[in-house]
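Asks: I'll drop the sequence and a predicted model, then ask my questions.
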Amino acid sequence: MLIYSLKRLLLAILVAITVSFISFSLLFLAGDPAIAMAGEGATDQDIENIRQLYGFDKPVLVQYFDWLLRAIGGNLGESFYFKTPVVHLIAEHMPVTMTLGAMGITFALSLAVPLGVLAAIRPNSIIDRIALLISVSGQALPSFWFALVLVVIFTVTLGWLPASGSDTWLHFLMPTVVLSYYAAPAFMRLTRAGMLDVLGSDYIRTARAKGLTTKSVFLKHALRNAIIPVVSLAAVQFGFMLGGSVIVESIFALNGAGSLAWESIGRNDFPTVQGLILVFALIYIVLTFLADVLNAWLDPKIRIG
Amino acid sequence: MRKKSLLTGAALAACLATSGVPALAGKSDDTLTVAFAKQLENLDAYSATAREMIVIARHVWDGLLYRDPATGEYLGNLAESFEWVDATTIDFVLREGVTFHNGEAFDADDAVYTLNWVSKPENGVSNQGNVNWIASAEKTGPYSLRLHLKEPFPAALEYLSGPVVMYPNEYHAEVGTAGMGSNPVGTGPYKVTSVEAGKRYVFEKNDGYFAGPKGTAEIGKIVWRTIPERNTQFAELLSGGVDWVWQVPPDQAEKLGKKFSVSNESTMRIGYVSFDSAGRTGETPMSDIRVRKAIAHAINREAIVNALLKGASKVVHSACFPSQFGCFQDVAKYDYDPARAKELLAEAGYPDGFTVPFFAYRDRGYAEAIIGDLAAVGISVDFGYLKYAALRDKVQGGEVPFQFMTWGSNSVNDVSAITSHFFSHGKDDYALDADVKTWLTTADTSIDPAVRKENYAKALSKIADEVYWLPLFSYNVNYVYSDELEFTPYPDEVPRFFQARWK
């Protein structure tokens, strides 16, 4: 188990380094960052000053290692745009994104698990089909479109919910629904498949033979086992939601880390983009690593295989 | 069971309807809520470069001068009067009795401190073009100063009435750029009372504002919200969360016009097509004037304006925005005439047309309309649509023979901010015409308006005759706002809320 965990940890670190290097290099393909920073009316001298001030005249590899060494020491540089440390910016914006992610994962599980259980109890029934329809719709609807539909209904038409801002919990309702609706289908299918698998096993037959109630069989015996892979998937999906909140945060003006990433890309604020990519990648990698270890702990076949 | 569910739903609905949704803004609480898409880096007038910061700066600070947007006349603002001593020296007499929002009195020490501070590149003013013409300032009395320019620069008055605003010397020396960015202090008609970085700013009317050319603000409070997504801005407008939005696309402005007031105004930005007349990219058809004229006749600028830009946009013929000082209008004009375009191409040896690289960085729809017009006369293009930084890199590297670009002149109402930038043999110059450069230099460095006008006219005429550029159209902005608001937009694209009134 320890060797398996160490192998996965090493792999996770390699993935983190690769992701950070690729993202660092890709940003330079969008044009000379000094020109982008200097703006439309800048003179050649202005651009050259910026190039030297920020070290853009050095080779990309040198710039990358400089940045990586500082990052390991907890210094992600200073935002070109805000002129404040990137670490502070991320710390300032992350709570909104974490709140949204936590609400999103909770909502997705609350929607998907009951639907998955219902679908498994009556496979190929009308309930199963409805659950499938809900799940397919969740993945088929583009999130920006779904967000705008919700805004039109709940803000413009009914006037119940605010369309933008993050001042109260009500501001988070529509973004949560949009973010989680896309993630719910995976949970639902996994719950359904797990439940079907478990319901056909010997110990469930034994439980039924002992005369336990259907509710007890489904919820206490079957669901507890079927939900284990869902929990490990939830860890990964949570990381995905943090990264995937970019569009949702922009639409609802939530001013979280996702929105910060989106805006920073537009204004070529490289230190902020690089810092955010690194933080998002690390969160995702850590969650994936924990999910791997959890799965291996639960299922010896994984770590032996 | 069903009854219980319905009741629960109704209760939830009632709960939602009464809690959390922001109170409606507007006339009743004398609060104007405005929405902008751009997140500002801070509120320091000299380090934030976005247009939104120009808007805020006009409300929170004052310059020595003020250009009347209606007449274009330069009026005294924090200065009562000014006088050109010679081509590089201006004397100012300052207004007395003005105080900053923190109670500090405004005098020559503040103005001299600000002008000297911004003139030093090491102090990091982001847009150096706004201040790099200043040599130094010296105090000549408690309320008078002398400003020295590095070289003759007639557009100085334009900058002194716009981006060069006066800071309180004691406060700025104490808090620096960062402090000014988070707690700005100026003399302007509105003072900043709350800053939630990147989200919301609150401005309250400065009751002690002096009787200057900006007039007295009437609206008590302005709440500035950052809402990046345009559709969300519209939703907030429709639900009463905001009172004013801008940069609304024409089709949406038409729809919103049924419920709200809509104003449309031209901006100083113009679109243009530039050709490699000088052959910087090697031998291309663009170095032949007949080809350039053919393209000028092939593009239906009127149709693009009517179908796509709409509003106050107009076809422009001279390589500048019409309101800019020196923007001579009586230049050669090229009407839409595809038959004439084909004749010119045949004369130039391209009866079957040719293929040429063509680049753009914004307004893809307009670029595609141009491509369609060119195809109709036999010119096909290899279209490259790049980010601004990438395209500017290529343009300045001499790699672009044919391009659709735009230029906003940083809202500077003077031809030196556009024509001189592109035709004075800099990296953006694809004409490299010695005569044009000489005329522009003469105009740029003379303080005699007649000399300036005469030389700009010569340069602009030759640019049009030789079709170094094909100016296309001016841009416009739609402003959509509450019916209760009286608001006047101006072509410099700087909304003036201090002039707005409730009806």
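Replies: Now that the structure is in, tell me what you want to look at.
Asks: What is the burial count for the residue in the stretch 101-250 of chain A positioned nearest to chain B?
Replies: Nearest residue of the stretch 101-250 of chain A to chain B, counting by CB to the nearest CB: residue A:170, 3.4 Å away. (Glycine included, C-beta is placed from N, CA and C.) The local packing of residue A:170 (other CB atoms under 10 Å in any protein chain shown) involves 18 other residues.
Asks: same thing with residue A:209?
Replies: By other CB under 10 Å, the residues close to residue A:209 number 8.
Asks: repeat for residue A:58
Replies: The criterion is other CB under 10 Å. On that basis, residue A:58 has 13 neighbouring residues.
Asks: which SS class is it?
Replies: Counting by DSSP: H, G, I helix; E, B strand; the rest coil, the backbone at residue A:58 sits in coil.
Asks: ok, and the closest non-adjacent residue to it?
Replies: Excluding the flanking residues, the one nearest residue A:58 by CB to CB, 6 or more residues apart in numbering or on different chains is residue A:66, at 7.8 Å.
Asks: Now do the helix or strand containing that neighbour: distance to the chain's middle.
Replies: Assigned by DSSP states H and E, residue A:66 falls within helix A:60-72. On the basis of CA atoms, centre = their mean, to the nearest Å, helix A:60-72 sits 26 Å off its chain's mean C-alpha point.
Asks: What are the contacting residues of it?
Replies: A:17, A:20-21, A:24-25, A:28, A:55-56, A:58, A:76-77, A:271, A:274-275, A:278 (CB atoms under 8 Å, 6 or more residues apart in numbering or on different chains).
Asks: same question, stretch A:243-250
Replies: With CB under 8 Å, 6+ apart as the test, stretch A:243-250 has contacts from A:96-97, A:100-101, A:104, A:143-144, A:147, A:175, A:178-179, A:182, A:254-259, A:261-263, A:280, A:284, B:228-229.
Asks: For PyMOL, write the select line for the buried members of the residues you listed.
Replies: Listed next is the PyMOL selection for buried residues among those, using 16 or more other CB atoms under 10 Å in any protein chain shown:
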select buried, (chain A and resi 96+97+100+101+104+143+147+175+178+179+182+254+255+256+257+258+259+261+262+263+280+284) or (chain B and resi 228+229)
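Asks: re the thing from before, how many residues are close by the residue nearest to residue A:58?
Replies: Neighbour tally, residue A:66, other CB under 10 Å: 13.
Asks: Quick check: pLDDT value at it.
Replies: Looking at residue A:66, its pLDDT reads 82.
Asks: any idea how far it lies from chain B?
Replies: Going from residue A:66 to chain B by CB to the nearest CB, to the nearest Å gives 22 Å.
Asks: and the gap between that residue and residue A:89?
Replies: Noted for residue A:66: a distance of 20 Å to residue A:89, by CB to CB, to the nearest Å.
Asks: next one: residue A:25
Replies: Note on residue A:25: its distance to residue A:89, by CB to CB, is 22 Å.
Asks: So for these two, which residue has more residues nearby?
Replies: Set residue A:25 next to residue A:89 and count neighbours by other CB under 10 Å: residue A:89 wins out with 25 against 13.
Asks: Quick check: the more buried one touching residue A:82?
Replies: Yes. Assessed by CB atoms under 8 Å, residue A:89 is found in contact with residue A:82 at 6.2 Å.
Asks: So for those two, which residues contact both of them?
Replies: Counting by CB under 8 Å, 6+ apart, the residues touching both residue A:89 and residue A:82 are residue A:272.
Asks: The contacts of stretch A:243-250 in helices, which ones?
Replies: Cross-referencing these against helices under DSSP state H gives A:96-97, A:100-101, A:104, A:143-144, A:147, A:175, A:178-179, A:182, A:257-259, A:261-263, A:280, A:284.
Asks: If we check chain B, which of these are in contact?
Replies: Contacts with chain B within those, counted by CB under 8 Å from any CB of the partner chain: A:259, A:262-263.
Asks: so residue B:383 sits in a strand?
Replies: Yes. Membership of residue B:383 in a strand is supported by three-state DSSP.
Asks: That one: neighbour count?
Replies: Neighbour count for residue B:383, taken as other CB under 10 Å: 15.
Asks: Hmm, it is touching residue B:371, no?
Replies: Yes. Assessed by CB under 8 Å, residue B:383 is found in contact with residue B:371 at 6.3 Å.
Asks: what about the nearest residue to residue B:398 once chain neighbours are set aside, which helix or strand?
Replies: Among residues not flanking residue B:398 along the chain, residue B:280 sits closest, at 4.0 Å (CB to CB, 6+ apart). In the assignment (DSSP H and E), residue B:280 maps to no helix and no strand.
Asks: Quick one: name the residues of the stretch 151-300 of chain B near chain A.
Replies: Applying CB under 8 Å from any CB, we find that the stretch 151-300 of chain B lies next to chain A at B:177-178, B:181, B:197-199, B:225-229, B:231-232, B:235-236, B:238-239, B:241.
Asks: how about the strands in the stretch 1-150 of chain B?
Replies: In the stretch 1-150 of chain B, strands defined by DSSP state E, counting those that start in this stretch lie at B:31-36, B:65-67, B:74-76, B:79-86, B:89-94, B:134-141, B:144-149, listed in chain order.
Asks: can you pull the buried residues of the fifth one?
Replies: Spelled out, that is strand B:89-94. B:90, B:92-94.
Asks: Of those residues, which is the nearest to chain A?
Replies: residue B:90 (22.6 Å).
Asks: shared neighbours, residue B:383 and residue B:371?
Replies: With CB under 8 Å, 6+ apart, residue B:383 and residue B:371 have common neighbours residue B:358.
Asks: what about residue B:271, distance to residue B:411?
Replies: Applying CB to CB to residue B:271 and residue B:411 gives a distance of 16 Å.
Asks: For these two, indicate the residue with more neighbours.
Replies: Neighbour totals were compared for residue B:271 and residue B:411, and residue B:271 leads with 26 against 20 (other CB under 10 Å).
Asks: hey, what's the more buried one bridged with?
Replies: Beta bridges link residue B:271 to residue B:406, residue B:473, judged by DSSP bridges.
Asks: and it, what is it in contact with?
Replies: Each residue near residue B:271 by CB under 8 Å, 6+ apart is listed here: B:363, B:366, B:404-406, B:471-475.
Asks: Also residue B:294?
Replies: By CB under 8 Å, 6+ apart, the contact set of residue B:294 is B:340-342, B:344-345, B:348, B:377, B:379.
Asks: Try it again at 6 Å.
Replies: The contact partners of residue B:294, by CB atoms under 6 Å, 6 or more residues apart in numbering or on different chains, come to B:341, B:344-345.
Asks: Contacting chain A as well, which ones from these?
Replies: Counting by CB under 6 Å from any CB of the partner chain, nothing from the contacts of residue B:294 sits close to chain A.
Asks: in the chain, what spans have low per-residue confidence?
Replies: Using chain A here. Chain A contains residues with pLDDT under 70 at A:26-32, A:36-43, A:298-305.
Asks: that's the wrong chain, I meant chain B
Replies: Chain B contains residues with pLDDT under 70 at B:1-25.
Asks: Identify the residue nearest the residue nearest the centre of it in space, chain neighbours excluded?
Replies: The centre of chain B sits closest to residue B:411, judged by CA atoms, centre = their mean, with a distance of 3.9 Å. Distances taken as CB to CB, 6+ apart place residue B:492 nearest to residue B:411, at 4.6 Å, with adjacent residues excluded.
Asks: How far off centre is the helix or strand containing residue A:229?
Replies: Per DSSP H and E, residue A:229 falls inside helix A:228-251. Here helix A:228-251 is found 3 Å from its chain centre; the criterion is CA atoms, centre = their mean.
Asks: Great, nothing more from me.
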